[in-house]
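In: Output the structure for:
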Amino acid sequence: MRSLYLKVFLAFWLVMLLVIGSNMMVTWLLAKQFQNSQSHNEQVATYAEQTLQRYLDQGSDSLNDWYRQLHQLTGLRVLLLDQRARSLNGEPLPPRLHNRLHNRLQRLAPNRDTDHQRLISPSDRFDSPPHRSMMAPSFRPIIWPIEYQQRHYLFVVLNPHELIDHLYSGAALVWRLGLSILLVGLLSFVMARYLIRPIRQLQRTSQQLAQGQLDSRVGQQVSSRKDELGQLGQDFDRMAERLQTLLQGQQQLLRDVSHELRTPLARQRVALELARKKPGSMQALDRVEHQAELLDELIGEILLLARLDSQPEQDSKHDTNLNRLLQTLTDDCNFDHSRVRLEADQPVVLKIDPKLINRALDNVIGNALKYSQAEVSIQLEHDENEVMIRVRDQGPGIEPSMLNKIFEPFVRTDQARSRQQGGWGLGLAIAARAIKQHQGDISATNLDPHGLEVTIRLPRA
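Out: Here you go, the predicted model:
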């Protein structure tokens, strides 16, 4: 069961069913207690005395009328027997009752007059049947002995369960249980919808935010509630508004920086064209132009990544030999530094955008070369699920609190990374965004005793 709606619904239903079951159990226990209580004995004794008094006052002919009156008032079916278990109104006994009393009298024949009390036992008195039918195998009537002027009588209640019918009866139990289940089910349904509706609205809004719809809000339907879910909706909307403001400000900053850089680049090209007219400065001017073109390309990629942040686009991914890409980067870096070492075993082919991954790796490796005068190692590892690229330098490392912040735009670690090294703090930010476009992950860890390791993980799927 993964549905919270179903869990809440069943939780309410089961709890209420337990309450109902407990109520039924208490009713049953009270019924059993009443059945074995003194008040039960007194009630049966009262009916027995009234029946015997009717017989003594008006004779056996009046017993049938009395039986009917008592049945109409109490629902009980009773008989009055003599000491030999014969009906005083002349009607035959029910077969089961006749056989039961006859067998008991047969066993007690020598002591019939002196040991009349042994004709019955405690279990005969108060063992009530679970069913109404007198023909049921478990039927056991109540047999109550009466003594009047040294004569013994037996008062028999054929359906003793009527004594507790107001507490516990089959038809009433089914009706009460069915109605209770229906009402509890409806209550659980209403409560589940009341609790789950705002949660589902929060879920839809969070999914819209994850898809880049930064203007999505929970709305007044949830925020106007006066409970914890309403407060959660208000906090969620404030968070979404703050997130939208931050992301839009960040994107606007990137656009502004790019725009401001393009202006001096355009002026630089104009100056280069004028300088080419002077003899002897062509080689230097060509190098300046090349650097300007690289800077312009970098600005274009920053704008592309900014657009991908706000609205992901389809990129050009295809199968790429990662070993060959890393080897090319290593050769380019060694052309100037000659201290980059690549460790790669088996060839790895991934479906990637080689331009973005090349830019990400170039930024990470270039960052390591800037702040480490010793060897920089690149390790390529892979398993069935992912490919890992580790770039290790032997520089001073960075503050632990900055390990996650270095992948944000325009963040620089002035203490460990000297500002004199140059850069605007965009290299690792660009690398992080490029890796994110491939559903990968990038992280940094300080090495012992010194150095920094940047780990890039790319999924195979």
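In: where does the stretch 251-400 of the chain have low pLDDT?
Out: Counting by pLDDT under 70, the stretch 251-400 of the chain has low-confidence residues at 256, 260, 263, 279-285, 287, 290-291, 294, 298, 301-302, 304-315.
In: run the last query once more with 80
Out: Counting by pLDDT under 80, the stretch 251-400 of the chain has low-confidence residues at 251-316, 336-338, 345.
In: so where do the helices sit in it?
Out: 282-310, 322-336, 354-370 (DSSP state H, counting those that start in this stretch).
In: taking those together, which one is wrapped up most tightly?
Out: helix 354-370 (a mean of 21; mean count of other C-beta atoms under 10 Å). The way it works is simple: take the backbone N, C-alpha and C, and place the C-beta from them, glycine included.
In: tilt between that one and helix 322-336?
Out: Relative orientation of helix 354-370 and helix 322-336, computed by axes from the mean of the first three to the mean of the last three C-alpha atoms, to 10 degrees: 40 degrees.
In: ok so, going back, would TSV of the helices of the stretch 251-400 of the chain with distance to Met402 be doable?
Out: As requested, the helices of the stretch 251-400 of the chain are arranged in TSV below (distance: least, C-beta to C-beta, whole Å):
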stretch	distance to Met402
helix 282-310	22
helix 322-336	25
helix 354-370	13
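In: Number of residues surrounding Ser60?
Out: As a burial measure, Ser60 scores 13 neighbours (other C-beta atoms under 10 Å).
In: I'd say it and Arg86 touch.
Out: No - counting by C-beta atoms under 8 Å, Ser60 does not reach Arg86; the two are 11.0 Å apart.
In: which non-adjacent residue is nearest Glu408?
Out: The shortest distance from Glu408 to any non-neighbouring residue, by C-beta to C-beta, 6 or more residues apart in numbering, is to Ala429 (5.9 Å).
In: if I pick the one you found, what's in contact with it?
Out: 407-411 (C-beta atoms under 8 Å, 6 or more residues apart in numbering).
In: Pull out the buried residues from those.
Out: 407, 409 (16 or more other C-beta atoms under 10 Å).
In: Which members of the contacts of Ala429 are the farthest-apart pair?
Out: Greatest spacing in the contacts of Ala429, by C-beta to C-beta: Phe407 and Phe410 (11.5 Å).
In: Report the contact partners of Asn446.
Out: Counted by C-beta under 8 Å, 6+ apart, Asn446 has contacts 397-398, 400, 403, 452-453.
In: What distance do you get for Gln83 to Glu147?
Out: 9 Å (C-beta to C-beta, to the nearest Å).
In: likewise Ser338?
Out: 125 Å.
In: Check Leu182 too.
Out: 53 Å.
In: And the strands in this structure?
Out: 78-82, 142-148, 151-157, 318-321, 340-344, 349-352, 376-382, 386-392, 441-446, 452-459 (DSSP state E).
In: For those strands, give me TSV that also has distance to Val364.
Out: Putting these into TSV (distance: least, C-beta to C-beta, whole Å) gives the following:
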stretch	distance to Val364
strand 78-82	100
strand 142-148	94
strand 151-157	95
strand 318-321	17
strand 340-344	12
strand 349-352	15
strand 376-382	9
strand 386-392	5
strand 441-446	8
strand 452-459	5
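In: looking at those strands, which is closest to Asn334?
Out: In terms of C-beta to C-beta, the element of the strands of the chain nearest to Asn334 is strand 340-344, at 5.4 Å.
In: Packing partners of that closest one?
Out: Judged by 3 or more C-beta pairs under 8 Å, 6 or more residues apart in numbering; DSSP states H and E, the packing partners of strand 340-344 are helix 322-336, strand 376-382.
In: Mind putting those into a markdown table with distance to Gly219?
Out: Shown next, in a markdown table, are the helices and strands packed on strand 340-344 (distance: least, C-beta to C-beta, whole Å):
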| stretch | distance to Gly219 |
| --- | --- |
| helix 322-336 | 46 |
| strand 376-382 | 46 |
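In: Could you say which one of those comes nearest to Ala192?
Out: strand 376-382 (47.4 Å).
In: what's the offset of the closest one from the middle of its chain?
Out: Strand 376-382 sits 41 Å away from the centroid of its parent chain (C-alpha atoms, centre = their mean, to the nearest Å).
In: now the angle from it to helix 354-370?
Out: 140 degrees.
In: now for strand 376-382, which elements pack on it?
Out: Judged by 3+ C-beta pairs under 8 Å, 6+ apart, the packing partners of strand 376-382 are helix 322-336, strand 340-344, helix 354-370, strand 386-392.
In: Please state the offset of the last one from the chain centre?
Out: Same thing as strand 386-392. Here strand 386-392 is found 36 Å from its chain centre; the criterion is C-alpha atoms, centre = their mean.
In: tilt between that strand and strand 340-344?
Out: Going by the same axes, to 10 degrees, strand 386-392 makes 160 degrees with strand 340-344.
In: helices and strands around strand 386-392, which ones?
Out: Using 3+ C-beta pairs under 8 Å, 6+ apart, strand 386-392 sits against helix 322-336, helix 354-370, strand 376-382, strand 452-459.
In: mind checking which of these is nearest Leu18?
Out: strand 452-459 (47.3 Å).
In: Report the buried residues of the closest one.
Out: Those would be 452-458, for strand 452-459 by 16+ other C-beta under 10 Å.
In: what are the pairing partners of it, and which direction each?
Out: Strand pairing for strand 452-459, using DSSP bridges, gives strand 386-392 (antiparallel), strand 441-446 (antiparallel).
In: do you know which of these lies nearest Gly212?
Out: Here strand 441-446 is closest among the strands paired with strand 452-459 (C-beta to C-beta), at 20.0 Å.
In: So for that closest one, mean pLDDT?
Out: For strand 441-446, the mean pLDDT works out to 94.
In: among the helices and strands packed on strand 376-382, which is nearest Leu154?
Out: strand 386-392 (90.3 Å).
In: circling back to that earlier point, can you say which of the helices of the stretch 251-400 of the chain is nearest to Leu10?
Out: helix 282-310 (42.3 Å).
In: If you tally nearby residues, what's the number for the closest residue to Gln221 other than its chain neighbours?
Out: Distances taken as C-beta to C-beta, 6+ apart put Gln201 closest to Gln221, at 6.7 Å, once the chain neighbours are dropped. By other C-beta under 10 Å, 19 other residues sit near Gln201.
In: Over to Gly21?
Out: Neighbour tally, Gly21, other C-beta under 10 Å: 12.
In: Please tell me how far it sits from Ala434.
Out: Distance from Gly21 to Ala434, by C-beta to C-beta: 61 Å.
In: Could you do Ser216 as well?
Out: Distance from Ser216 to Ala434, by C-beta to C-beta: 27 Å.
In: More neighbours: those two, which one.
Out: Applying other C-beta under 10 Å to Ser216 and Ala434 shows that Ala434 carries more neighbours, namely 27 against 18.
In: wait, what's in contact with the more buried one?
Out: 305, 353, 356-357, 359-360.
In: Likewise for Asp82?
Out: Asp82 touches 88, 152-154, counting by C-beta under 8 Å, 6+ apart.
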